[in-house]
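Visitor: coords below, sequence missing:
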């Protein structure tokens, strides 16, 4: 086991794996030369506006097209032969829900698609949508996940008999602990429904290619190949009849890892009309109807010994999965994850967790950066702090007692997760030092001049990433990742094309995958072109999700480059006139132990493609293009981890929270490009701060979304994100190509737990505690008020 | 989120503008920072948009007896940047600097903000504290008809004013703020640029009873209290509780705290 500190990491070599290279793609992004679906225009292109359900639950009686515009308006009955979106899980008891492309009978959430209108521009298309007469018989709606589980709640899917997509139970024997534990903690935790907010919303442009008899779909997606498969299923086409292109994509975060009904509808319109058709999501659609995520509720009973050490955890969790199961991750990914990852990085003896994925009259819940981990980390880390408070100990000390020890790595935890490597203890210790815990505790001894309260909070979590077949086969969702493939091709001028089925939309993979090629072949990254986002040009892949790309596509590119290197070496041996065994590819040339001469990759490529007469007849005929499929030695996932430490100042009268200091100790294994990793972490933390303090998509009792613009849905801005220090540990994964681990989601997982722990630390003198995010001033002041009222009552009695 | 079709007219002069307003179903467009989103959300569906952001006379600023007359189409950014003569000892630029974001300030106008009468907007509350007036004009068969109203008489509720259908705000009169006066303003926002949840502006002279306190970001129009007890928390508690019976203790306490912060700030100016 080894770890490198930040300073050492920053002076590593400038080439290959570990180099802090400026992102290749930034040249076009920074100059405004990115090409997004919204930038595209095709002759005769039509724009689509959707009529969406204004009610959360109802029966569609009639949709009357505006007189004279019948040919420009499409309803469910027009979509002959189109199947709804079906995303079943093989988990026992999973209840199926087919999401219609356009509502045909019931509408189940505000914003569900009812009709598609086409016109020469979006404004006119919206005029058409305005002109449709929609007759709906309202049904009682259920907008709260806990109420959805009550007896007699309105049924989102009548045939189910209840509102439960799926119930997961991890059972355990807690009897002994219940009898003997010195400390028992009971808490209810809640995370708000949020909306993922990439800069670019969704968008899709579809066109029918007459020459090829092929539907070409340009869509803002993280998973072009899966979208293609999904479209095939819904439209009844074969794969060769659909080509999906994901051009530049302005952020995904999971929202673009989903097949949308809008994509299916626009594809069908293009097929049907034989004209280019485009839909660009606007912010209101994104907020109110589409990008929903995160909503969890936990009832936790935790048991500890007198020192606060966690002995057992008993949890009933509910995930608000909304109205339909989304493709391909299904309505139960989030819930099933809760049960399996709630134990976090801790080693304890007894565990029970029941998770219900509840159906409500709200948009389907979609996986957002970190997926269930953000909620799980929130529940677990607030529990640890509560245990520490009950035991009267420093929370970081309690953590040190509870964490999996480095000498126990690799470690199989209580739910069977296999932690590949790491030193969680050192991670916490470094975070304690980075935030200067001692100084903060000292500062807390004196009242602040401005009357605010200072608090320090921490969270630690591990992130299973790049998990593959063995994990997903168990969940049995429509997409199970297998071997990740990469194609590498040396071109006649000696530049290298790398073709991958994943997509890069902010992760910097056009740079980091080039660094992998540089590491293996010694070719400069500016001589490497990473091609992605086009099903016609790249090998099949489940795409970009689950922090998997650097492990999976990185591994595949490395293996493909290695295979290519041996072919290059053979040709090089011919050209150098030395035995094949004596040559190797190094620093971008073929060299031999037999001669001081070398040949460049360019020489090799030129001869192979353009001057084959220089090669003997018995040359290996494999050529300079290789496809390799790759899986890590173990595909149960890499476990990166991080400890976040935060200092906040809370104003107990205004209810405001200011972040004063933020330190992170992060271990993502071997970092391919530490600078890009830092960027990933910063961005994730900004989102996590949103979860902690700002972002909330509220619904009223009738299921009406109450935030429809970014004036109502608050995102943190530059002034709300503090300077963050990141300290890297680099414990290699024993199972991956270079020891790298997936880390892309990490930043978004830790902040809510750390920030709310800090707030609760600040509120200790007031005996107040808050267990819900976002911590709005109203919530904070109510918590203080509640504590004050309780204290008064106690004093009176 | 695209507006319904509308006609667009530019008003080069005040007369053009006021004449334009006599045609029904016309809304004046200044910076468009509130009207723009309302158009896109189709919450506003005017037949004609009359662009007064380009009207020269509405873009001017005049020193007049006892104060400054700021053209209704002067932007927040122009006030922030000191391009407008300041007769308030720095109050106007300071308030302007805190409005939303620079992008909003670059286009948003002082007149548009007041006419929109969003209770959470900065000008409605602060200019009420400064005893500002708005100048309104309409075109009648006899010619131009003008009137001037104090803001407390102009803003009648949340997003409501007494402006006539055919009336146009042409200027804002800001009276000189005497040297010895102290001004304090504080608004409570969760993040930079967000519409405020509570705000108070205070203007006080050297005499103890010369105090003017304005609460804004309420469910309705700003509320003004003057006199010796205008800074008394109990006075405000009672007043707010009477006006807004649904307002709970937590919110009342926050609003009082915001007033205290505004008062603190008034000590340094």
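Guide: Received the coordinates, thanks. Model, not experiment: these values are computed from the prediction.
Visitor: what helix or strand is the closest residue to chain A within chain B on?
Guide: Closest residue of chain B to chain A, C-beta to the nearest C-beta: residue B:2 (3.7 Å). Every residue, glycine included, has its C-beta placed from N, CA and C. Using DSSP states H and E, residue B:2 sits within no helix or strand.
Visitor: now do the contacts for it.
Guide: A:121-123, A:126, B:40 (C-beta atoms under 8 Å, 6 or more residues apart in numbering or on different chains).
Visitor: cool, residue A:700 as well?
Guide: Contacts of residue A:700 by C-beta under 8 Å, 6+ apart are A:143, A:706.
Visitor: and the gap between it and residue A:347?
Guide: Separation of residue A:700 from residue A:347 (C-beta to C-beta, to the nearest Å): 44 Å.
Visitor: for residue A:364, same thing?
Guide: Residue A:364 is 35 Å from residue A:347, by C-beta to C-beta.
Visitor: neighbour-wise, which of those two wins?
Guide: residue A:364 (27 against 17; other C-beta atoms under 10 Å in any protein chain shown).
Visitor: that older thread, out of the contacts of residue B:2, which end up buried?
Guide: A:122-123, A:126, B:40 (16 or more other C-beta atoms under 10 Å in any protein chain shown).
Visitor: return the member of those residues nearest to residue A:249.
Guide: For those, the residue nearest residue A:249 by C-beta to C-beta is residue A:122; the value is 20.4 Å.
Visitor: these two touch, right, the closest one and residue A:45?
Guide: No. Under the criterion of C-beta atoms under 8 Å, residue A:122 makes no contact with residue A:45, lying 11.1 Å away.
Visitor: which ones are touching residue A:16?
Guide: A:515-516, A:518-519.
Visitor: name the element it belongs to?
Guide: Secondary structure (DSSP H and E) places residue A:16 outside all helices and strands.
Visitor: might you enumerate the residues of the stretch 51-200 of chain A proximal to chain B?
Guide: Residues of the stretch 51-200 of chain A lying close to chain B by C-beta under 8 Å from any C-beta of the partner chain are A:121-123, A:126-127, A:130.
Visitor: give me that answer again for 7 Å
Guide: A:122-123, A:126-127 (C-beta under 7 Å from any C-beta of the partner chain).
Visitor: nearest to chain B: which residue in the stretch 301-450 of chain A?
Guide: Counting by C-beta to the nearest C-beta, the stretch 301-450 of chain A gets nearest chain B through residue A:450, at 10.1 Å.
Visitor: tell me which element that residue falls in.
Guide: With DSSP H and E as the test, residue A:450 turns up in no helix or strand.
Visitor: next one: residue B:208
Guide: Going by DSSP H and E, residue B:208 is not in any helix or strand.
Visitor: phi, psi for it please.
Guide: phi -60, psi -30 (degrees, to the nearest 10).
Visitor: of all the contacts of residue A:16, which two lie farthest apart?
Guide: So for these, where distance means C-beta to C-beta, the most widely separated pair is A:516 and A:518, at 7.1 Å.
Visitor: which one's more surrounded, those two?
Guide: With neighbours defined as other C-beta under 10 Å, residue A:516 and residue A:518 compare such that residue A:516 has more, 31 against 24.
Visitor: show me how far the helix or strand harbouring that one is from its chain's centre.
Guide: Using DSSP H and E, residue A:516 maps to helix A:509-521. Between the centre of helix A:509-521 and the centre of its host chain there is 23 Å, according to C-alpha atoms, centre = their mean, to the nearest Å.
Visitor: so for it, mean pLDDT?
Guide: With pLDDT averaged residue by residue, helix A:509-521 scores 98.
Visitor: which residues touch residue A:658?
Guide: A:648-649 (C-beta atoms under 7 Å, 6 or more residues apart in numbering or on different chains).
Visitor: could you say which helix or strand holds it?
Guide: Residue A:658 belongs to strand A:657-667, assigned by DSSP H and E.
Visitor: circling back: what element comes up after the helix holding residue A:516 heading to the C-terminus?
Guide: strand A:528-531.
Visitor: show me the contact partners of that following strand.
Guide: A:495-500, A:509-510, A:513-514, A:517-518, A:537-538.
Visitor: circling back to that earlier point, out of the contacts of residue B:2, list just those in helices.
Guide: A:122-123, A:126, B:40 (DSSP state H).
Visitor: burial measure for the nearest residue to residue A:315 once chain neighbours are set aside, as a count.
Guide: Spatially, and ignoring its direct neighbours in sequence, residue A:315 is nearest to residue A:353 (4.5 Å; C-beta to C-beta, 6 or more residues apart in numbering or on different chains). Other residues near residue A:353 come to 24 when the count uses other C-beta under 10 Å.
Visitor: for residue 29, grab phi and psi.
Guide: Picking chain A for this. phi -60, psi -50.
Visitor: hmm, I had chain B in mind actually
Guide: Taking degrees, to the nearest 10 as the convention, residue B:29 sits at phi -120, psi 120.
Visitor: surely it touches residue B:51?
Guide: Yes. Between residue B:29 and residue B:51 there is a contact at 5.1 Å, judged by C-beta atoms under 7 Å.
Visitor: those two: which is more packed in?
Guide: Between residue B:29 and residue B:51, counting by other C-beta under 10 Å, residue B:29 is the more crowded of the two (23 against 18).
Visitor: name the element the closest residue to that one other than its chain neighbours belongs to?
Guide: With sequence-adjacent residues excluded and distances taken as C-beta to C-beta, 6+ apart, residue B:29 is closest to residue B:49, at 4.5 Å. Remark: residue B:49 resides in strand B:48-51, with elements defined by DSSP H and E.
Visitor: cool, thanks, talk later.
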